[in-house]
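Participant: Coordinates for the following, if possible.
(one chain, ligands or ions: 1)
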Amino acid sequence: MGRGRNTIAENINGWMMKKKKEYPNSSDVIYYCVEQYSHHKCPGAWVINKVTNEYRIVKPHRNHERDALANQTRFARQALKDKSGNGTCREVIDNVRAEFGAEASVALGTYDTKRRIIHREKSRFDPETTEMDKGGNISTTYSRTLDGKPFLLVDKIVNQHRLLVFGSETGLQLLARSFIVFVDGTFDCCPPGYQQMFSFHVYGNA
Ligand SMILES: [Zn+2]
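Facilitator: Residues are numbered from 1 along each chain as shown. Reported below is the predicted structural model:
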């Protein structure tokens, strides 16, 4: 089972289904279709006997087909998340492609899409990220440049809002020397997980 995620889907005779409940003193397990809450609203429910592996259809699948590639793609997406902690993005993506096939890998999206899925999953369980999401201290990873110099310049409350200023020494020098400065900001109102950002850019000749 995934860390903190919903029950993992299983391939039941080519249909993607999730274990709903086990019956006490019985080998019977009831599975519901993963499309139960999607736009398909599939009522599919099967009872599987874990000993004999026989299944009984309580309610048949409806409103969608048994789509092998779609299922394989969903399994591949699940695997990307499950394996996100095992190596670099490239390694995780290559392993998932080897396991689920090139077609499912392509259907999952571009390399960048897959990388984002892995990064999101990695960060879900990173204690530093969790701390920062709760409004805690900015970790060293994000408050220093790659060569260890200060990057977080200001961290204080202004008008009841936390104001963070990031900038490198080199960046500040460039800004101070520039005659043309571009500034841009995102909206104050934004979905959870995002913050308003205001950035400074300079026009320079290398
Ligand atoms: Zn279904």
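Participant: so where do the helices sit in this structure?
Facilitator: With DSSP state H, the ranges of helices along the chain come out as 68-82, 89-100, 102-107, 111-124, 127-133, 140-143, 169-177.
Participant: buried ones in the third one?
Facilitator: When neighbours are counted by 16 or more other Cβ atoms under 10 Å, the buried residues of helix 102-107 are found to be 104, 105, 107. (Glycine included, C-beta is placed from N, CA and C.)
Participant: and the helices of the chain, which one's lowest on average pLDDT?
Facilitator: Mean pLDDT per stretch puts helix 127-133 lowest among the helices of the chain, at a mean of 84.
Participant: Which residues does that helix contact?
Facilitator: Helix 127-133 has contacts (Cβ atoms under 8 Å, 6 or more residues apart in numbering) with 123, 137, 138, 139, 141, 142, 193.
Participant: run the last query once more with 6 Å
Facilitator: Helix 127-133 has contacts (Cβ atoms under 6 Å, 6 or more residues apart in numbering) with 123, 139.
Participant: okay, the buried residues of helix 102-107 in CSV with distance to residue 113 next?
Facilitator: Output for the buried residues of helix 102-107, formatted as CSV (distance: Cβ to Cβ, whole Å):
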residue, distance to residue 113
104, 13
105, 11
107, 11
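Participant: which of these lies closest to residue 65?
Facilitator: When the buried residues of helix 102-107 are compared for distance to residue 65 (Cβ to Cβ), residue 107 wins out at 15.5 Å.
Participant: Now do that closest one against the ion, distance only.
Facilitator: Using Cβ to the ion, to the nearest Å, residue 107 is found at 19 Å from the ion.
Participant: Quick check: that residue touching residue 73?
Facilitator: Yes - using Cβ atoms under 6 Å, residue 107 is in contact with residue 73, at 4.3 Å.
Participant: Tell me who's in contact with the residue sitting furthest away from the middle of the chain.
Facilitator: Centroid-distance maximum for the chain: residue 179 at 41.0 Å, with Cα atoms, centre = their mean. Listed by Cβ under 6 Å, 6+ apart, residue 179 has no contact partners.
Participant: okay, it: pLDDT?
Facilitator: We have a pLDDT of 92 for residue 179.
Participant: Please report how far it lies from residue 168.
Facilitator: Remark: distance between residue 179 and residue 168 (Cβ to Cβ, to the nearest Å) = 20 Å.
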